[in-house]
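J.: Sequence plus predicted model, see below.
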Amino acid sequence: MSGKMKFIFVILSSVLLSRAQEDSKLPNFIGQASFPGSPAFTEVHKLSQSDDPVAAQTMYLSTFNALGLFQYDDIYFLRSPGDYLFDPEAFVDKMVESQVSTGNYWPNNPDILPPDVVGREGVVWTSGFLVPTKTDGRLNLYFSDDEFWSSGVNIASLDQRTWSYHRVIWKDMDNDGDLDAVTARFHLNTNIIAYADTEFLWLENPNQGAVDGWEQHVLAYGRETAPDVHFRSETRCDFASQREIAESRARNRGTSREKSRPVLRDFWCLARESERVSREKHSILSDRQTDRQTDRQDLAKPCFGHNSALRYPILITFCMLVPVPMPKIRRVAVDAPGQVFDIYLDDFNRDGKLDLLATVYDGEEGWVYVYDIDENWMEGNWNRRTIASGFVPNFIFGGQSMSPGSPKPFYPSKEYEESLTEDGRQRKPYISLSGDDDGKLYILTPDSEDPSDWTYTKNILVETGATTSGKIAIADMNNDGYTDIIGCGYSAKTLYFFTYAPLGEEGA
């Protein structure tokens, strides 16, 4: 098994799809509603210990205001969002009742907090950005079983400097049986972004419940090796030696006489955003201009190419969980496509192999790329394919704009997800995509089920008519078997409501 990825596939029974479902690529528009703030990041998370599939869901929403100097920004949550899905005005009114106005400067993504982290379910709300007076980010825990969200528990309260956070992934990094917080962050030394420090680290769960101030362990630091914002992880199986297991257990819960056994090793994908490095709007090199034979050692460093164009790498890091206290790390630079906004790991063409999707801006145009991940990933070719292009961000006075933004694969319905292709494979997922600074929301749909066909149709879901859009919440919120979508219009201060359910089956 060593050096090879292991996948487990569940063969699902074939389901006959209706022709209407087959032909429908975009969801039905329910309506829209103005929001009192600028909706930016949003997620729908589901309680694992609830028998009610509608009541188990909570939608979380962050807002922020660059002009609100020295002011906390508001966050919101709404339980059972499916109960209000077909009444957008009531949806917003109910969500506003949960407004929390303290504890978060520039709140970013609300990532899930599983129940086995501190014994309660909820979210870890990341925060902080490069905007003046908003740089003091936190990792605040909020609980979905708590009716009064007056304050969060900041597990990053031991920070000695002002760090900004955007994402948390939970992993048992020290092999002691509990989940630790893995994150990336950046710190601005001065008002010149070129002096930003970046770190990739994990915060050790003290196994004492919901307490602040978790011990911090840095895995990588500096602009050449550490991400500043976005990263992803895929867990795979490999084998550890008896010595590795013994060393690990001895440091945590006593010695072990276990023989060699499979352990989890984490495959991390790290991305750097060049917007953290310069306030100037650079002309970023794309593969149309860049020598594809560039040495991988060069790719691992932020550097200036032809015409002084800045290009930044996508880094792949293999992090072995044992032995502790310092995991073994190997890394390889995949590509230097430009400014990487976000990345996603999934088997997008359903051929049984993991792929890496990256949203990238090259200074003139935005792209969505998919890379093959070879089994021999340290020496692989990392073949790159373009599945969407032509994203042009709006001009932002005094700042730097980018497009597209964050992606997320999904299926339009449970029936569609469980159906099989003619050759017995699961169907390809759709991909939701924020346009970010082009002010649009998109859905990318595959043109065929052929694994070798990487052509997609770029469908505009919402054109907000304003500068910047936000993220997209996706879930079957009312448990009718169809996927529901709520998109954020940041500059438009609007929420947009959609469903793949045929309208008329609901009271809409």
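T.: Done, it's in. Numbering: from 1, shown residues only.

J.: CA atoms for contacts and neighbours, from now on please.
T.: OK.

J.: got the contact list for residue 111?
T.: With contacts defined as C-alpha atoms under 8 Å, 6 or more residues apart in numbering, the neighbours of residue 111 are 43, 123, 124, 125, 126, 167, 168, 169.

J.: Who wins on neighbours among those?
T.: Comparing those by number of neighbours (other C-alpha atoms under 10 Å), residue 125 comes first, having 29 neighbours.

J.: Where does that one sit: helix, strand or coil?
T.: strand (DSSP: H, G, I helix; E, B strand; the rest coil).

J.: ok so, going back, Serialize the contacts of residue 111 to JSON lines and add fields for pLDDT and distance to residue 414.
T.: Converted to JSON lines, those look like this (pLDDT from 0 to 100; distance: C-alpha to C-alpha, whole Å):
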{"residue": "43", "pLDDT": "98", "distance to residue 414": "19"}
{"residue": "123", "pLDDT": "95", "distance to residue 414": "25"}
{"residue": "124", "pLDDT": "97", "distance to residue 414": "28"}
{"residue": "125", "pLDDT": "97", "distance to residue 414": "29"}
{"residue": "126", "pLDDT": "98", "distance to residue 414": "31"}
{"residue": "167", "pLDDT": "97", "distance to residue 414": "28"}
{"residue": "168", "pLDDT": "97", "distance to residue 414": "28"}
{"residue": "169", "pLDDT": "95", "distance to residue 414": "26"}
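
J.: nearest spatial neighbour of residue 74, skipping sequence neighbours?
T.: residue 101 (4.6 Å; C-alpha to C-alpha, 6 or more residues apart in numbering).

J.: how many other residues sit next to that neighbour?
T.: Counted by other C-alpha under 10 Å, the residues lying close to residue 101 total 16.

J.: Per-residue pLDDT of it, please?
T.: Residue 101 carries a pLDDT value of 87.

J.: Residue 459 too?
T.: Reported pLDDT for residue 459: 97.

J.: Could you number the chain from 221 rather than 1 from now on?
T.: That works, and once the first residue is 221, the last one we named lands at residue 679.

J.: and the host helix or strand of it, what does it pack onto?
T.: Assigned by DSSP states H and E, residue 679 belongs to strand 676-683. Here strand 676-683 touches strand 604-611, strand 660-666, going by 3 or more C-alpha pairs under 8 Å, 6 or more residues apart in numbering; DSSP states H and E.

J.: who touches stretch 621-637?
T.: 235, 237, 247, 561-564, 579-581, 585-588, 611-615, 646-647, 649-658, 691, 694, 701-703, 720.

J.: Can you go through these and name the buried ones?
T.: 247, 561-564, 579-581, 585-588, 611-614, 646-647, 649-658, 691, 694, 701-703, 720 (16 or more other C-alpha atoms under 10 Å).

J.: For residue 372, see how far away residue 715 is.
T.: According to C-alpha to C-alpha, to the nearest Å, residue 715 stands 26 Å off from residue 372.

J.: Could you do residue 578 as well?
T.: 32 Å.

J.: For this structure, just list every one of the helices.
T.: Listed in chain order, the helices of the chain (DSSP state H) span residues 239-243, 308-316, 335-338, 462-472, 516-519, 634-638.

J.: The residue nearest to residue 294: what's it in contact with?
T.: Counting by C-alpha under 8 Å, 6+ apart, residue 321 has contacts 292, 293, 294, 295.

J.: Which pLDDT value goes with the residue nearest to the second one when sequence neighbours are not counted?
T.: Spelled out, that is residue 293. Excluding the flanking residues, the one nearest residue 293 by C-alpha to C-alpha, 6+ apart is residue 284, at 5.1 Å. Residue 284 carries a pLDDT value of 96.

J.: so residue 284 sits right up against residue 290, yeah?
T.: No - judged on C-alpha atoms under 8 Å, residue 284 makes no contact with residue 290 at a distance of 11.9 Å.

J.: more neighbours, the two?
T.: Using other C-alpha under 10 Å, the more surrounded residue of residue 284 and residue 290 is residue 284, with 23 against 11.

J.: Who are the contact partners of that one?
T.: Contacts of residue 284 by C-alpha under 8 Å, 6+ apart are 257, 258, 259, 260, 293, 294, 325, 326, 327.

J.: looking at this structure, which helix or strand is least sure?
T.: Every helix and strand of the chain was ranked by mean pLDDT, DSSP states H and E. The lowest is strand 523-524, at a mean of 34.

J.: Would you list the phi and psi of residue 632?
T.: Main-chain dihedrals, residue 632, degrees, to the nearest 10: phi -70, psi -20.

J.: How many residues are close by it?
T.: 26.

J.: got it, and residue 318?
T.: Neighbours around residue 318, by other C-alpha under 10 Å: 17.

J.: these two touch, right, it and residue 297?
T.: Yes - assessed by C-alpha under 8 Å, residue 318 is found in contact with residue 297 at 5.9 Å.

J.: those strands in the stretch 621-728 of the chain, which residues are they?
T.: For the stretch 621-728 of the chain, strands defined by DSSP state E, counting those that start in this stretch occupy the ranges 627-630, 650-654, 660-666, 676-683, 692-695, 704-709, 714-719.
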